[in-house]
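Student: missing the sequence, but the structure's below:
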């Protein structure tokens, strides 16, 4: 009788899914348009401004005032959608495609509960998450715990996707840095709005995969304790694109061709090293430790073909007091099967925070 290790099956599922999606050329590769030229230089400089030595310059962010429209409401809950102009400075706006200038957000909240007695968690998008639906389904059952859900549509995704971009496949490496930088700014502004304008008693930020990297950055930069909840996330985008399944979805030949204009002898190994150097800017271990690392909970998969275990532990090591929870599965299967564990982490992370004084 032949026995098959279940963990191996989960790991293989990630690679089979990745092969079907990326190696068969059904969809274009990431970064087929190259590095991004002057935009990449600009973004490398601007992202460095988020690092610890400049932390004090990052607060408060610009206050946004979303314009809301009610989508539906019941006796106990209400879903609204809002828009606001992205709060980024002119340099970032000029680099951002026009389609991404207006941010979109969904806000699902309990009715008849005052904000100071509620918590709210901002959910950030993973790779390829173009709609609000999946994250609203994740947050919906938390209404009974008096936890509201705010879902941000990322730049380059959904209605904010540039005309020439197909699906989630960003055209240039600079687009990945730009997506992250703008998402961080918008999420920080939304947290500031929830805190200062709405008076929520507790706050958190979460995300899956790429969204978890961004959630970790946002949580690290927030000036007061919030729950920080990265799910199935690496400590750096370099891990995903240079080591995990996504390395097979990257247009290495196009990237090498651009670098070969400066050095005709450029090898794929040198291109990969250049990518690692650029994406080291997304290394969350270079960011500040959150104000309450005990309220940081990572949920990771035991057999993830996209995210190596040691990458998860890098971040946990950098944030003493944080917790890693392991679920049995790979990246794809955990995404589909472990929403209950993600919700439990959200509840537990928020429970490790103190209510604002007005709630006591």
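Tutor: Structure received. All figures in this text were calculated on a predicted structure; none of them were measured in a lab. Residues are numbered from 1 along each chain as shown.
Student: pull the contacting residues for residue 281.
Tutor: For residue 281, the contacting residues are 44, 47-48, 177, taking C-beta atoms under 8 Å, 6 or more residues apart in numbering as the criterion. Quick note: C-beta positions are derived from backbone N, CA and C, even for glycine.
Student: actually residue 240, sorry about that
Tutor: Contacts for residue 240 (C-beta under 8 Å, 6+ apart) come out as 209-210, 234, 246, 306-307.
Student: among these, name the ones in strands.
Tutor: Taking DSSP state E, every one of those sits outside strands.
Student: which one (most neighbours) among these?
Tutor: For those, neighbours were counted using other C-beta atoms under 10 Å, and residue 234 has the most, 30 neighbours in all.
Student: so how far is residue 331 from the most centrally placed residue in the chain?
Tutor: Taking C-alpha atoms, centre = their mean, the centroid of the chain lies closest to residue 211, which sits 1.6 Å from it. Using C-beta to C-beta, to the nearest Å, residue 211 is found at 13 Å from residue 331.
Student: got it, and residue 190?
Tutor: Distance, residue 190 to residue 331, by C-beta to C-beta: 27 Å.
Student: so where's the stretch 251-360 of the chain uncertain?
Tutor: Low-confidence regions of the stretch 251-360 of the chain, defined by pLDDT under 70, span residues 358-360.
Student: now the helices for it?
Tutor: With helices called from DSSP state H, counting those that start in this stretch, the stretch 251-360 of the chain shows them at 252-260, 268-279, 309-318, 331-337, 339-351.
Student: residue 68 is nearest to which of the ones you listed?
Tutor: The stretch from the helices of the stretch 251-360 of the chain with the least distance to residue 68 (C-beta to C-beta) is helix 339-351; that distance is 23.6 Å.
Student: in the closest one, which residues are buried?
Tutor: Residues of helix 339-351 classed as buried under the neighbour-count rule (16 or more other C-beta atoms under 10 Å) are 339, 341-343, 345-347, 349-350.
Student: ok, now stretch 215-224?
Tutor: Using 16+ other C-beta under 10 Å as the test for burial, stretch 215-224 gives 215-223.
Student: over to stretch 122-136?
Tutor: 122-127, 129-130, 132, 134-136.
Student: quick check, nearest of those residues to residue 68?
Tutor: Ranked by distance to residue 68 (C-beta to C-beta), the buried residues of stretch 122-136 are led by residue 132 at 14.1 Å.
Student: residue contacts, the nearest residue to the closest one once chain neighbours are set aside?
Tutor: By the measure of C-beta to C-beta, 6 or more residues apart in numbering, the closest residue to residue 132 outside its immediate chain neighbours is residue 106, 4.2 Å from it. If a contact means C-beta under 8 Å, 6+ apart, then residue 106 has 71, 79-82, 132, 136, 149-151 as its contacts.
Student: buried only: go through the residues you listed for me.
Tutor: The neighbour-count test (16+ other C-beta under 10 Å) marks 79-82, 132, 136, 149-151 as buried among the contacts of residue 106.
Student: which ones among those map onto helices?
Tutor: With helices taken from DSSP state H, the overlap with the buried ones among the contacts of residue 106 comprises residue 136.
Student: still on that earlier bit, mind putting the buried residues of stretch 215-224 into JSON lines with distance to residue 75?
Tutor: Formatted as JSON lines, the entries for the buried residues of stretch 215-224 read as follows, by distance: C-beta to C-beta, whole Å:
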{"residue": "215", "distance to residue 75": "32"}
{"residue": "216", "distance to residue 75": "37"}
{"residue": "217", "distance to residue 75": "38"}
{"residue": "218", "distance to residue 75": "33"}
{"residue": "219", "distance to residue 75": "34"}
{"residue": "220", "distance to residue 75": "39"}
{"residue": "221", "distance to residue 75": "38"}
{"residue": "222", "distance to residue 75": "34"}
{"residue": "223", "distance to residue 75": "37"}
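Student: could these go into a markdown table alongside secondary structure, distance to residue 242 and pLDDT?
Tutor: As requested, these are arranged in a markdown table below (DSSP: H, G, I helix; E, B strand; the rest coil; distance: C-beta to C-beta, whole Å; pLDDT from 0 to 100):
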| residue | secondary structure | distance to residue 242 | pLDDT |
| --- | --- | --- | --- |
| 215 | helix | 21 | 98 |
| 216 | helix | 19 | 97 |
| 217 | helix | 19 | 94 |
| 218 | helix | 24 | 95 |
| 219 | helix | 24 | 96 |
| 220 | helix | 23 | 93 |
| 221 | helix | 25 | 91 |
| 222 | coil | 29 | 92 |
| 223 | coil | 33 | 89 |
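Student: whichever of the contacts of residue 281 end up buried, select them in ChimeraX.
Tutor: Buried members of the contacts of residue 281, defined by 16+ other C-beta under 10 Å, are picked up in ChimeraX with:
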select :47,177
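Student: and of the contacts of residue 281, the nearest to residue 100?
Tutor: Checking the contacts of residue 281 against residue 100 by C-beta to C-beta gives residue 177 as the nearest, at 13.6 Å.
Student: quick one: the closest one from residue 337, how far?
Tutor: As for residue 177, its distance to residue 337 is 32 Å (criterion: C-beta to C-beta).
Student: what's the answer for residue 314, then?
Tutor: For residue 314, the distance to residue 337 under the criterion C-beta to C-beta works out to 25 Å.
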